[in-house]
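Novice: How does the following fold in three dimensions:
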Amino acid sequence: MNQTINYIRTKTDLKPEIGIILGSGLGDFADTVEDAVRIPYGEIPGFNQSTVQGHSGELIFGIVKGKKIVAMKGRIHFYEGFDIKEVVFPVKVLCDLGIDKLIVTNAAGGVNKSFNPGELMFISDHINFNGKNPLIGPNEDVGDRFPDMSYAYDPALLEEVQKIAERLDIAHRTGVYMYMTGPSYETPAEIRMAGILGADAVGMSTVPEVIVANHRHVKVVGISCITNMAAGILDQPLEHEEVLTISQKVSEDFKKLVASIIEEI
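Specialist: As a prediction, the model looks like this:
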């Protein structure tokens with residue numbers, strides 16, 4: 001970790017207040033960062049390069065709405081074959097760089113039948129159906145051995161974000177996100193199960209990062225872009241190209257929303 005932080009400090013001395021993880025198809029927000037310093041993941045000790053379309057792989061430092069931020073343009077996933085410790089290493093770096101708030105975004109499949117593709121869902125809670133917990137192993141002294149996850153997504157920030165979306169007239173929902181392993185999409189039976197268990201959307205990321213951020217006492221805002229209805233909700237196959245297409249369609253609303261969140265939280 002020290003080697004990673006020291007390398008980053010050779011590139012920028014900016015001390016970020018807010019971290020952002022940009023999920024599939026949502027990386028365009030990075031273009032709004034002022035005075036940007038871009039560091040490819042491949043150059044950073046300890047970072048791995050994502051193999052997934054829509055995850056370019058850059059750590060970006062700069063200013064948004066007067067706030068100092070660091071953005072991950074793309075992430076790596078457990079399904080790419082990385083160990084769960086490797087998956088969460090970048091978010092540990094963000095926390096250790098000094099952020100006190102983290103905005104986590106992803107593309108997700110809608111389980112709740114009242115949802116529509118193109119809507120944003122603010123995450124109120126999650127279900128770790130993957131079963132992998134990044135805190136397994138010796139406890140790092142940055143947090144408790146048994147961290148409380150009652151408020152994994154900070155309720156006060158969630159309420160503030162909901163108000164911002166309403167003021168901007170951006171279509172949004174609030175719901176529970178279920179973390180699945182991937183890379184295969186879920187079966188219709190698995191989606192029916194997810195609904196019974198209380199999930200409103202499913203995806204293949206986010207939860208390990210949120211667990212680590214909570215362990216490090218960083219407050220979290222979670223935003224899912226509902227890019228498609230999950231398997232069995234509609235009578236049609238699922239494709240990653242659809243995820244990217246819908247993400248691009250909501251890009252302007254997403255950028256406007258996240259900029260306002262950064263400005264106001």
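Novice: can you pull out the helices in the stretch 51-200 of the chain?
Specialist: Taking DSSP state H, counting those that start in this stretch as the criterion, the stretch 51-200 of the chain contains helices spanning 84-96, 155-167, 188-197.
Novice: And the ones you listed: which comes nearest residue 73?
Specialist: Residue 73 sits nearest to helix 84-96 of all the helices of the stretch 51-200 of the chain, at 11.0 Å, using Cβ to Cβ. From N, CA and C alone the C-beta is placed, and that goes for glycine too.
Novice: residues in contact with residue 180?
Specialist: Residues in contact with residue 180 (Cβ atoms under 8 Å, 6 or more residues apart in numbering) are 129-130, 186, 190, 202-204.
Novice: Repeat the analysis, applying 7 Å as the threshold.
Specialist: Counting by Cβ atoms under 7 Å, 6 or more residues apart in numbering, residue 180 touches 129-130, 186, 202, 204.
Novice: Return the members of these classed as buried.
Specialist: Using 16 or more other Cβ atoms under 10 Å as the burial test, these include 129-130, 186, 202, 204 as buried.
Novice: and of those residues, the nearest to residue 217?
Specialist: If you rank the buried ones among the contacts of residue 180 by distance to residue 217 using Cβ to Cβ, residue 130 comes first, at 23.4 Å.
Novice: Against residue 78, how distant is that closest one?
Specialist: Distance, residue 130 to residue 78, using Cβ to Cβ, to the nearest Å: 7 Å.
Novice: Can you pull the residues that touch both of these two?
Specialist: Common neighbours of residue 130 and residue 78, using Cβ under 7 Å, 6+ apart, are residue 181.
Novice: In strands, which of the buried ones among the contacts of residue 180 appear?
Specialist: residue 202 (DSSP state E).
Novice: between the contacts of residue 180, which is nearest residue 168?
Specialist: The closest of the contacts of residue 180 to residue 168 turns out to be residue 202 (Cβ to Cβ; 26.3 Å).
Novice: can you pull the contacts of that closest one?
Specialist: 108-109, 111, 178, 180, 186, 191, 194, 230.
Novice: follow-up on the earlier one: just flag the most distant two among the buried ones among the contacts of residue 180.
Specialist: Using Cβ to Cβ, the buried ones among the contacts of residue 180 span at most 12.0 Å, a distance reached by 130 and 186.
Novice: What are the boundaries of the strands in the protein?
Specialist: Here the chain has its strands, by DSSP E, at 18-22, 34-40, 58-64, 67-73, 101-110, 120-128, 172-179, 201-203, 219-229.
Novice: before we move on, the earlier item: deepest of the helices of the stretch 51-200 of the chain, which one?
Specialist: helix 84-96 (a mean of 21; mean count of other Cβ atoms under 10 Å).
Novice: Would you mind pulling the contact partners of that one?
Specialist: Helix 84-96 has contacts (Cβ under 7 Å, 6+ apart) with 1, 4-5, 19, 21, 46-48, 70, 72, 75-78, 102, 132, 134, 208-209, 212-213, 216, 218.
Novice: Just the buried ones from those?
Specialist: Neighbour-count burial (16+ other Cβ under 10 Å) applied to the contacts of helix 84-96 gives 4, 19, 21, 47-48, 70, 72, 75-78, 102, 132, 134, 208-209, 212-213, 216, 218.
Novice: which regions of the stretch 151-265 of the chain lie under the pLDDT threshold?
Specialist: Counting by pLDDT under 70, the stretch 151-265 of the chain contains low-confidence ranges at 230-249.
Novice: oh, I was asking about the stretch 1-150 of the chain
Specialist: Low-confidence segments of the stretch 1-150 of the chain, defined by pLDDT under 70: 24-25, 27, 51-55.
Novice: gap between the closest residue to residue 250 other than its chain neighbours and residue 225?
Specialist: Take residue 250 and drop its neighbours on the chain: the residue closest to it by Cβ to Cβ, 6 or more residues apart in numbering is residue 118, 5.4 Å away. Distance from residue 118 to residue 225, counting by Cβ to Cβ: 8 Å.
Novice: Find residues that contact each of these two.
Specialist: Both residue 118 and residue 225 are in contact with residue 250, where contact means Cβ under 7 Å, 6+ apart.
Novice: Which of those two has more residues huddled nearby?
Specialist: Counted by other Cβ atoms under 10 Å, residue 118 and residue 225 do not tie: residue 225 has more neighbours, with 27 against 15.
Novice: Before I go, just wanted to say thanks for your time.
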